[in-house]
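> kindly return the folded structure for what I paste below:
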Amino acid sequence: MNVGVLGGGQLGRMLALAGVPLGLSFRFLEPERPTPVDGVGKVVHARYDDVDAVQRFASGLDVVTCEFENVPDSTAQLLEGLLPVHPSAAALSMAQDRLVEKQVFESLAIPTPVYHSVESREGLEDAIGRVGVPAVLKTRRLGYDGRGQVVIDSPTGVDAAWGALYGSPLLLERFIDFSRELSIIGARGQDGEITFYPLVENEHRGGILYRTHAPALVSAELQALAERYLGGLLEKMEYVGVLALELFQRGDELLANEMAPRVHNSGHWTQDGARTSQFENHLRAVCGFSLGSCDPYGYAGMLNLIGQVPPTERVLGIPGARLHLYGKRPRPGRKLGHVNAVGKDPDDVVATLERVERLLTAG
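Model (predicted):
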C-alpha cells in the first residue's frame, strides 16, 4: 500500500520506519526542507493550501494520514474527495480548536478545567471574573510545547497576558493544582476495534515533554476511567488511527487537558517497550489491518533530547539505552531525538535515563 502523510517531521519519520517492514511505502507533503523524512519516503515540498500540489501528492496513494494535526480544513476536505483520509477532516477540526475540543469533552461528560472563551480585552476581564486566578490564557489554535499560552497569577497580570496573545481567538482556563500529568493513547481500527496502551506519567519542563514513565503506577479503576474517556472520544468521532488524551490527575479525579489526533510524544516508549508500537498500530488502523497488542514488556521510560544530543557512542555505551534520532539541526528548545529504556524494575529504567541525563549536563 502507498501511504500519504501530511507533515514531514519526526513523527512522520517514525511512522515510515514502522511501516516499511509491513510492506508500506510513503509519500509526505511538507512545506519545509530539509526534513526528518528525507530518505524514508518521497517528499512533495509544498504548502498545505497549494491545491495543485495536494492533488499531485494524492495521485496513486491508497490512504492519507497525518503527523501534524493543524492541516487546513480545506486541504483535508479536498483529500477526502479523492481517497480515504484517517483521521477524518471532521476529527482534525475538533482537535484543532481548544474551545471546540472542550465542548466535545463536556458532551461526553469528561471533566475538564473550568474555561471561558475570550474575544476581546473586556472579554478577558469578564472571563477572569468567571474562571478566577491563577488561570492560563491560551490561543484556541496552533499552540503546542508550551507555545501560545500565558499564566495569569493575579488580576494585575491581565494586561501582559493580553499583550502577548491578542490578535487571535483565545480561551481562559483555570490553572489546575494537579498531582501528576498523565496521558493515555488508544487506537481504533476501521472495523471499530479499540485497544489501549496503559496510562503513563509525564514530566514537562518549559512546557515541553521531558520524560515519560510507563506504565504509570495507578489503580485499575483509574486506568478504566481513562479508557472510558478516550473510548468515548474515539467512538464519537468515528475515529480511525491513534489518538492521545492528556490528563491532569487530582486525587482520584482525571481532568482532560487536550487530545492529539496523531501519534504522540508520550507514546514513544512503545517503540521498545510494547508488543506493538503506537506507530505500527496507527498504520494498522488507517490501512485496515487488525490492531496489535498494546501490552508493555515490563517498565519503560522515555527521555526527550531537547536542544542538544550527547555523543552517540556514549549513549549507546549505556546498557539498555535505545537511541532514536530525528536528523534535525540543533537549536534551543528543539526536539532532536529521544532515548528509551526498558526493564523489569522501574528503578533500573530510571537509573538508565539518569545516566543519559548526566551526559547532557556534562556538556
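
> excluding chain neighbours, what is closest to H45?
R33 (5.4 Å; C-beta to C-beta, 6 or more residues apart in numbering). Bear in mind the C-beta positions are built from the backbone N, C-alpha and C, glycine included.

> now Q103: how far from Q271?
Noted for Q103: a distance of 34 Å to Q271, by C-beta to C-beta, to the nearest Å.

> more neighbours: the two, which one.
Neighbour count, other C-beta atoms under 10 Å: between Q103 and Q271, Q271 has more, with 21 against 14.

> surely the more buried one and L323 touch.
No: judged on C-beta atoms under 8 Å, Q271 makes no contact with L323 at a distance of 11.0 Å.

> domain parsing for the chain?
Following automatic domain parsing, one gets these domains for the chain: 2-85, 114-174, 180-362.

> tell me how far the second one lies from the chain's centre.
Distance of domain 114-174 from its chain centroid, counting by C-alpha atoms, centre = their mean, to the nearest Å, is 23 Å.

> end to end, how far does it reach?
5 Å (C-alpha to C-alpha, to the nearest Å).

> and R130, how many neighbours does it have?
So R130, with other C-beta under 10 Å, has 12 neighbours.

> so which strand or helix has it?
Using DSSP states H and E, R130 maps to helix 121-131.

> mind checking the SS state of the residue nearest to H45?
Using DSSP: H, G, I helix; E, B strand; the rest coil, the secondary structure recorded for R33 is coil.

> for C66, see how far away it is.
Separation of R33 from C66 (C-beta to C-beta) stands at 19 Å.

> do G320 as well
For G320 relative to C66 (C-beta to C-beta), the value is 33 Å.

> more neighbours: those two, which one.
When G320 and C66 are compared for neighbours, C66 comes out ahead with 27 against 17, by other C-beta under 10 Å.

> can you tell me the SS state at R56?
What three-state DSSP gives for R56 is helix.

> shouldn't it be in contact with V44?
Yes: contact status for R56 versus V44: in contact at 6.4 Å, counting by C-beta under 8 Å.

> which one is L15 nearest to, not counting chain neighbours?
In this structure, L15 finds its nearest non-sequential neighbour in F279, 5.2 Å apart by C-beta to C-beta, 6+ apart.

> state the distance from the one you found to N340.
13 Å.

> with D252 instead?
D252 is 30 Å from N340, by C-beta to C-beta.

> look at the two and report which has more neighbours.
Remark: of D252 and N340, N340 carries more neighbours, 24 against 9, as counted by other C-beta under 10 Å.
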